[in-house]
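Novice: Coordinates for the following, if possible.
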Amino acid sequence: MSIKSKASMPHRKIEVDLTGPEGNAFCLLAMAKGWAKDLDKDWEPLRKEATDGDYEHLLKVLDREFGMFVDFLR
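Specialist: Coordinates of the predicted model:
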């Protein structure tokens, strides 16, 4: 789901189930790339930072950048 479409509904966040297929690091990166585009963020520096560590580091970076729109469920 696009963050832009969710921005008009601030009471509901996008939910990403980390225990399912959406929790795969490559899937998370693909979603984050779309979210960055929706928010006019420069993707490449964000991708580099997010992939410069382990899975928990990836989640920290994505939560920092998109946490106001997305809940990562464990």
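Novice: mean confidence for the helix ranked longest in the chain?
Specialist: Across the chain, the longest stretch assigned as helix under DSSP state H is helix 25-38. Average pLDDT, helix 25-38: 98.
Novice: could I get that helix in CSV with only the CA atoms?
Specialist: Extracted C-alpha coordinates of helix 25-38, given in CSV (Å, rounded to 0.1, in the frame of the first residue of the first chain):
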residue,chain,number,x,y,z
ALA,A,25,14.5,-8.3,4.2
PHE,A,26,14.2,-8.0,0.4
CYS,A,27,10.5,-7.5,0.6
LEU,A,28,10.9,-4.9,3.3
LEU,A,29,13.4,-3.1,1.1
ALA,A,30,11.1,-3.2,-1.9
MET,A,31,8.2,-1.7,0.2
ALA,A,32,10.6,0.9,1.7
LYS,A,33,11.7,2.0,-1.8
GLY,A,34,8.1,2.7,-2.7
TRP,A,35,7.5,4.5,0.5
ALA,A,36,10.6,6.7,-0.1
LYS,A,37,9.3,7.5,-3.5
ASP,A,38,5.9,8.4,-2.1
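Novice: who touches Asp38 in this structure?
Specialist: With contacts defined as C-beta atoms under 8 Å, 6 or more residues apart in numbering, the neighbours of Asp38 are 2-4. Where C-beta positions appear, they are placed from N, C-alpha and C, glycine not excepted.
Novice: Check the gap between the residue lying closest to Met68 once chain neighbours are set aside and Ile3 for me.
Specialist: Distances taken as C-beta to C-beta, 6 or more residues apart in numbering place Lys13 nearest to Met68, at 8.0 Å, with adjacent residues excluded. Between Lys13 and Ile3 the distance is 10 Å, computed by C-beta to C-beta, to the nearest Å.
Novice: For these two, list the residues in contact with both.
Specialist: In contact with both Lys13 and Ile3: 69-70, using C-beta under 8 Å, 6+ apart.
Novice: Compare those two (neighbour count), which wins?
Specialist: Just comparing Lys13 and Ile3: by other C-beta atoms under 10 Å the higher neighbour count belongs to Ile3, 19 against 16.
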